[in-house]
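K.L.:
sequence and predicted structure, then a few things I'm wondering about:
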Amino acid sequence: MNEKKYDYLIVGAGLFGSVFAHEMTKRNKKCLVIDKRDHLGGNVYCEKKEGINVHKYGAHIFHTNDKKIWDYVNQFATFNNYINSPLSLSKGKLYNLPFNMNTFYQLWGTKTPEEAKAVINEQIAKYGTKSPKNLEEQALSLAGKDIYETFIKEYTEKQWGKKATELPAFIIKRLPVRYTYDNNYFNDIYQGIPIGGYNTIIEGLLSGIETKTNIDFFEDRVQLESLADKVVYTGKIDEFFDYKYGQLEYRSLRFEHELKEIDNYQGNAVVNYNDSEYAFTRIIEHKHFEFGKQPKTIITREYPENWDRTKEAYYPINNDDNQRIYKKYKEEAKGMQNIIFGGRLAEYRYYDMHQIIASALTKVTEISEL
């Protein structure tokens, strides 16, 4: 029998695959990392234009409370002190996010936490319900009518492509309402953007590791699998099994990048567009992630779209029907000794970046202890 050339073939050069390859290489395992796209880095990839690191697949802001994960990424990049403080445009007026005392002052003119709580509690009592049956009822029960109609209803309907009354209540488990004048979106201790963009992290992780881009795993699957003892798969789990139990649902995104011949377009990295008259959900101005002083600027409009097999899958749709299908794939995956499934698409769940890294490190530890 021919000896395998690699210990691991890693399908997908995003964060999960890159961390896994890095850690296994440190353990003297030989890895080959392949990706269907023409670049490494998956969705955190940054494209440099006009001296600006453009987040090609949407805004990525690193945040975590886990010092171990923070120290891990700081091996590969120096982080700036960017704090995510998005703005929200609704009916022609700008508001601060997350919902805090600045937001409530902009909505109602309230100046104290007591005044804001009184308004919110009165609206919850009037419009809420004890057993919400859909997202609309859930939001009204958590935050009242004004917050729901100003910030949640139309934005969420654009995001998911369905009416709020047709969406399950569990999509909104809680709504962070802060009774302080604090626009910091995340509560995490550690937060920032890697100076020079996320490519610096991916390059550090994959330094000295063999990588190949423009490789579609499914076009030459048998030959590729024959190269390694084990396959680490980070793509869509239903596609791996040729959709035998049915096709899982995802939401897709389309990004429209535009160069502006001015130095500052919106004065903030992220502005949400709540109203349904805009097909996009937000505009990103990339230079503000790194406090850029370039003479031009680049913005990106982000359009949520229905997914089909010709599009990129970004968000799993975790309703009961999809979870039933996913459980069948997950059960079959458990029985495959030589295939390791990891990441957002392979595990059909939403992950933030720090969670992806933690998941990959945990998987490596589990394997190494076998």
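P.N.:
Thanks, I have the structure now.

K.L.:
quick one, strands of the stretch 151-300 of the chain?
P.N.:
Counting by DSSP state E, counting those that start in this stretch, the stretch 151-300 of the chain has strands at residues 190-192, 210-212, 228-233, 250-260, 270-273, 282-285, 297-306.

K.L.:
so for residue 199, which of those strands sits nearest?
P.N.:
Nearest to residue 199, of all the strands of the stretch 151-300 of the chain, is strand 210-212, at 12.9 Å by CB to CB. For every residue, glycine as well, the C-beta is placed using N, CA and C.

K.L.:
how about the helices in the stretch 1-150 of the chain?
P.N.:
15-26, 67-73, 101-108, 113-127, 135-143, 145-147 (DSSP state H, counting those that start in this stretch).

K.L.:
a markdown table for those, including mean pLDDT, mean neighbour count and distance to residue 49?
P.N.:
Output for these, formatted as a markdown table (pLDDT from 0 to 100; neighbours: other CB atoms under 10 Å; distance: least, CB to CB, whole Å):
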| stretch | mean pLDDT | mean neighbour count | distance to residue 49 |
| --- | --- | --- | --- |
| helix 15-26 | 98 | 24 | 23 |
| helix 67-73 | 98 | 16 | 24 |
| helix 101-108 | 98 | 19 | 33 |
| helix 113-127 | 98 | 15 | 42 |
| helix 135-143 | 97 | 23 | 37 |
| helix 145-147 | 98 | 19 | 37 |
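
K.L.:
list the contacts of the residue lying closest to residue 364 once chain neighbours are set aside.
P.N.:
In space, and not counting its chain neighbours, residue 364 is closest to residue 23: 4.3 Å by CB to CB, 6 or more residues apart in numbering. Residues near residue 23 by CB atoms under 8 Å, 6 or more residues apart in numbering: 360-361, 364.

K.L.:
top of those by neighbour count?
P.N.:
Highest neighbour count within those: residue 360, with 25 neighbours (other CB atoms under 10 Å).

K.L.:
what distance do you get for the residue nearest to that residue when sequence neighbours are not counted to residue 283?
P.N.:
The shortest distance from residue 360 to any non-neighbouring residue, by CB to CB, 6+ apart, is to residue 19 (3.8 Å). Residue 19 is 31 Å from residue 283, where distance means CB to CB, to the nearest Å.

K.L.:
residue 222 now?
P.N.:
From residue 222 to residue 283 the distance is 45 Å (CB to CB).

K.L.:
look at those two and report which has more neighbours.
P.N.:
Between residue 222 and residue 283, residue 283 has the larger neighbour count (other CB under 10 Å), namely 22 against 6.

K.L.:
ok, the more buried one - contacts?
P.N.:
By CB under 8 Å, 6+ apart, the residues touching residue 283 are 265-266, 270-271, 273, 299-302.

K.L.:
mind putting those into TSV with neighbour count?
P.N.:
Converted to TSV, the contacts of residue 283 look like this (neighbours: other CB atoms under 10 Å):
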residue	neighbour count
265	17
266	17
270	21
271	19
273	20
299	18
300	20
301	17
302	20
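
K.L.:
give the bridge partners for the closest residue to residue 338 other than its chain neighbours, please.
P.N.:
In space, and not counting its chain neighbours, residue 338 is closest to residue 230: 4.9 Å by CB to CB, 6+ apart. Following DSSP bridges, residue 230 is listed with bridge partners residue 8.

K.L.:
what pairs with the helix or strand of the chain with the lowest mean pLDDT, parallel or antiparallel?
P.N.:
The weakest-scoring helix or strand in the chain, judged by mean pLDDT, DSSP states H and E, is strand 315-316 (a mean of 92). Using DSSP bridges, the strands paired with strand 315-316 are strand 250-260 (antiparallel).

K.L.:
list the buried residues for the strand it pairs with?
P.N.:
By 16 or more other CB atoms under 10 Å, the buried positions in strand 250-260 come out as 250-253, 255.

K.L.:
circling back to that earlier point, for the helices of the stretch 1-150 of the chain, which one sits closest to residue 174?
P.N.:
Using CB to CB, the helices of the stretch 1-150 of the chain put helix 135-143 closest to residue 174, at 6.8 Å.

K.L.:
any low-confidence regions in the stretch 151-300 of the chain?
P.N.:
Applying pLDDT under 70 to the stretch 151-300 of the chain flags no residue at all.

K.L.:
what ranges does it have for its helices?
P.N.:
For the stretch 151-300 of the chain, the helices defined by DSSP H, counting those that start in this stretch cover 153-160, 199-205, 221-225, 237-240.

K.L.:
please save the CA atoms from the last one in CSV.
P.N.:
The C-alpha atoms that make up helix 237-240 are tabulated as CSV, following Å, rounded to 0.1, in the frame of the first residue of the first chain:
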residue,chain,number,x,y,z
ILE,A,237,-21.7,19.2,6.1
ASP,A,238,-24.6,18.4,3.9
GLU,A,239,-22.5,18.9,0.8
PHE,A,240,-19.9,16.5,2.1
